[in-house]
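Engineer: coords below, sequence missing:
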């Protein structure tokens, strides 16, 4: 991280983090080796990927269509594994 | 001597309006805790602290105290529950001794690192093995590095007074505080205790909530005790170290304030005939009074002896100690605990470290006494003074460590 | 400062006697200390309790080794002369629970110039409680023999220590022993 680290007089009292969740600042999407690619044509909106994503990096829209949040998706591949119609496939990052 | 005695008698007379009741050390602590209007008590009974827990549960049961009494299944849970309660902003209390403190150990550090103003009474009892229920300062010493404020009481009155001082100190410094009282010698001894009026307690310790400035609020999620690795851990520890150092001045002021409320003088160290003492003893806990009686006796025979007792042990009263011993030639440091394989028992190590960079300092030797409740008699104290005088005469400390009251 | 040592057996209330004496003295504005001797708590085993009473603040926190007064609550302990007399100050006082003073104890007490008092607390206890509760009658005897505190103070603290019905019986026992205790000449 290029962020400036705080000194002991600057950090919050007892390390308490009052404005939770600060985890949003960590863009875990940079950790991916494989990237899930979603095929809207094949998708049956069963939402199994949305249920199983541990991050959660599957964004569910009002009509139950989904979108992948690449800022936080770590590329674990669970969504691709549980998809009954193979609408999500994992491809090497950068291709 | 007469001046000191007169002073004590004067306090007694002045306070004749105050209520004097017969309490043992445990009951005195429980009485003080009740008067603080505590919100949550989570404790597991263990000898010799049991009476504290019994009395508090009775107060709650009888409706004399409106508090949540949490009967936990272990000391680890007792302190954990106390940590949780303190995080909500409540005024909280627990008590333990010996093995119970050992079982609490990991939570001790969490409580202090989260800066929770928890007050704990510790009925100082020896660690096993062999199993023993009597007095050693093992438990107090096990907690000495954990970031808690630590007070030592010398009699039942002090156990009462220091409990109130501990609440105010903990809440002002946002640090947990321990009140030490010697197993049986104080926990189970009945003495006359002058208790404050409930309203005086309220004036000294205002009933405001929340006590913790960042209380848990379900509407505003907050992270307590986050993961902090090599990027932040040491900064957090540095901040905590500074808080404990800063606590010292605050506690001195709180003790002064309490002295005004109660008419009983409190300060981190109690110096008795130290001004012109050539040889002196420094000690913690109930032995101090016994040593003072011997000092009075020896002074009447013209011997230049003195005694220094520490009411506040953490943060350590370095400056006051340096100042009190500056004219002393030989200082006997009496420890009711031992540190196996260390260059000195805990109090000795503290004092040696305090004095190392001081130019004019007394010669030091370490006296280990009273482990597991072995009585410290007036003769033992005279024996220690005699050794100190011998070292003074010879100009050298021949044995750095002496055990007294031990069969050969 | 006056130091008192109490001898009894586990379960006889020896600790309560010492505590009531301390509370009575406290009521009279004196400084006090009361502490039981702690070990494994076994009913029937010899146990001791200690009381200190003074007009000045009591700073010492050691055991009591040279008592001014020894009270023996249990009559079956009277054969343990060494234990009873251990450390007692010359010219001190012993108060025992006995119909008559055992000869050996009488002569040992004479050698030490002790004041010896006796009372049949057994009969008093059996008549009042129907059970051998010697502790409060022996407190009454001790108070009469030593004049440490006023009888009235003992009655007051007994009233606040026990429930009304129990307190009443104990006060009768205390008064009875107070009246009946005799000095052995």
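Structural biologist: It's in. As the structure is a computational prediction, the values presented were derived from the model and not from experiment. Numbers count the residues shown, from 1 in each chain, chains lettered A, B, ... in the order given.
Engineer: going forward, measure contacts and count neighbours with C-alpha atoms only.
Structural biologist: Noted.
Engineer: for chain A, what spans make up the strands?
Structural biologist: A:34-38, A:58-60, A:66-68, A:88-92 (DSSP state E).
Engineer: for the ones you listed, which one ends up most surrounded?
Structural biologist: Counting by mean count of other CA atoms under 10 Å in any protein chain shown, strand A:34-38 has the highest mean neighbour count of the strands of chain A, with a mean of 19.
Engineer: Residues touching that one, excluding its own?
Structural biologist: Contact with strand A:34-38 is made by A:67-68, A:75-77, A:79-80, A:87-93, as judged by CA atoms under 8 Å, 6 or more residues apart in numbering or on different chains.
Engineer: With stretch C:118-137 instead?
Structural biologist: Outside stretch C:118-137, the residues within contact range by CA under 8 Å, 6+ apart are C:12-14, C:16-17, C:73-75, C:95-101, C:138, C:141, C:169-178, C:180-184.
Engineer: try it again with 6 Å
Structural biologist: With CA atoms under 6 Å, 6 or more residues apart in numbering or on different chains as the contact definition, stretch C:118-137 has outside contacts at C:13-14, C:17, C:95-99, C:173-174, C:177, C:181-182.
Engineer: now, which of these lie within helices?
Structural biologist: Members of the contacts of stretch C:118-137 lying in helices (criterion: DSSP state H): C:14, C:17, C:173-174, C:177.
Engineer: quick one, which of the strands of chain A is nearest to residue B:42?
Structural biologist: strand A:58-60 (43.7 Å; CA to CA).
Engineer: pLDDT averaged over the closest one - what is it?
Structural biologist: Strand A:58-60 shows a mean pLDDT of 97.
Engineer: Ok, stretch C:46-62 next?
Structural biologist: So the average pLDDT for stretch C:46-62 ends up being 96.
Engineer: Next, see if it gets close to chain B.
Structural biologist: Yes - judged by CA under 6 Å from any CA of the partner chain, stretch C:46-62 comes into contact with chain B at C:59-62.
Engineer: Which of the residues you listed has the largest number of neighbours?
Structural biologist: The residue in the residues of stretch C:46-62 next to chain B with the most neighbours, by other CA atoms under 10 Å in any protein chain shown, is residue C:61 (23 neighbours).
Engineer: Spit out the contact partners of that one.
Structural biologist: residue B:290.
Engineer: That one belongs to a helix, doesn't it?
Structural biologist: No - according to DSSP: H, G, I helix; E, B strand; the rest coil, residue C:61 belongs to no helix; its state is coil.
Engineer: Ramachandran coordinates for it?
Structural biologist: Per-residue torsions, residue C:61: phi -130, psi 60 (degrees, to the nearest 10).
Engineer: export the contacts of strand A:34-38 to a markdown table and tack on distance to chain C and pLDDT?
Structural biologist: Output for those, formatted as a markdown table (distance: CA to the nearest CA, whole Å; pLDDT from 0 to 100):
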| residue | distance to chain C | pLDDT |
| --- | --- | --- |
| A:67 | 72 | 96 |
| A:68 | 70 | 97 |
| A:75 | 66 | 95 |
| A:76 | 63 | 96 |
| A:77 | 66 | 96 |
| A:79 | 66 | 97 |
| A:80 | 69 | 97 |
| A:87 | 75 | 97 |
| A:88 | 73 | 98 |
| A:89 | 74 | 97 |
| A:90 | 72 | 97 |
| A:91 | 74 | 96 |
| A:92 | 74 | 96 |
| A:93 | 73 | 91 |
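Engineer: any chance of those residues in a markdown table, with distance to residue B:54 too?
Structural biologist: Below are the contacts of strand A:34-38 laid out as a markdown table (distance: CA to CA, whole Å):
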| residue | distance to residue B:54 |
| --- | --- |
| A:67 | 61 |
| A:68 | 59 |
| A:75 | 57 |
| A:76 | 55 |
| A:77 | 58 |
| A:79 | 57 |
| A:80 | 60 |
| A:87 | 66 |
| A:88 | 64 |
| A:89 | 65 |
| A:90 | 64 |
| A:91 | 67 |
| A:92 | 66 |
| A:93 | 65 |
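Engineer: Mind checking the pLDDT average for the helix or strand containing residue B:158?
Structural biologist: Assigned by DSSP states H and E, residue B:158 belongs to helix B:156-173. Helix B:156-173 shows an average pLDDT of 98 in the prediction.
Engineer: other SSEs contacting it?
Structural biologist: The elements that helix B:156-173 packs onto, with contact taken as 3 or more CA pairs under 6 Å, 6 or more residues apart in numbering or on different chains; DSSP states H and E, are helix B:25-35.
Engineer: just checking, next helix/strand downstream of the helix it packs on?
Structural biologist: strand B:40-43.
Engineer: Stretch B:175-190 vs chain C: in contact?
Structural biologist: Yes - applying CA under 6 Å from any CA, one finds stretch B:175-190 touching chain C at B:189-190.
Engineer: mind checking how far that stretch is from the chain centre?
Structural biologist: 8 Å (CA atoms, centre = their mean, to the nearest Å).
Engineer: Mind telling me which residue is nearest the centre of chain C?
Structural biologist: The centroid of chain C falls nearest to residue C:71 when counting by CA atoms, centre = their mean (4.0 Å).
Engineer: Please report the distance of residue B:170 from residue B:68.
Structural biologist: As judged by CA to CA, to the nearest Å, residue B:170 and residue B:68 stand 20 Å apart.
Engineer: In terms of neighbours, single out the busier of those two.
Structural biologist: Using other CA under 10 Å as the criterion, residue B:170 and residue B:68 rank with residue B:170 on top: 23 against 15.
Engineer: Touching, that one and residue B:178? I think so.
Structural biologist: No - assessed by CA atoms under 6 Å, residue B:170 is found out of contact with residue B:178, at 9.2 Å.
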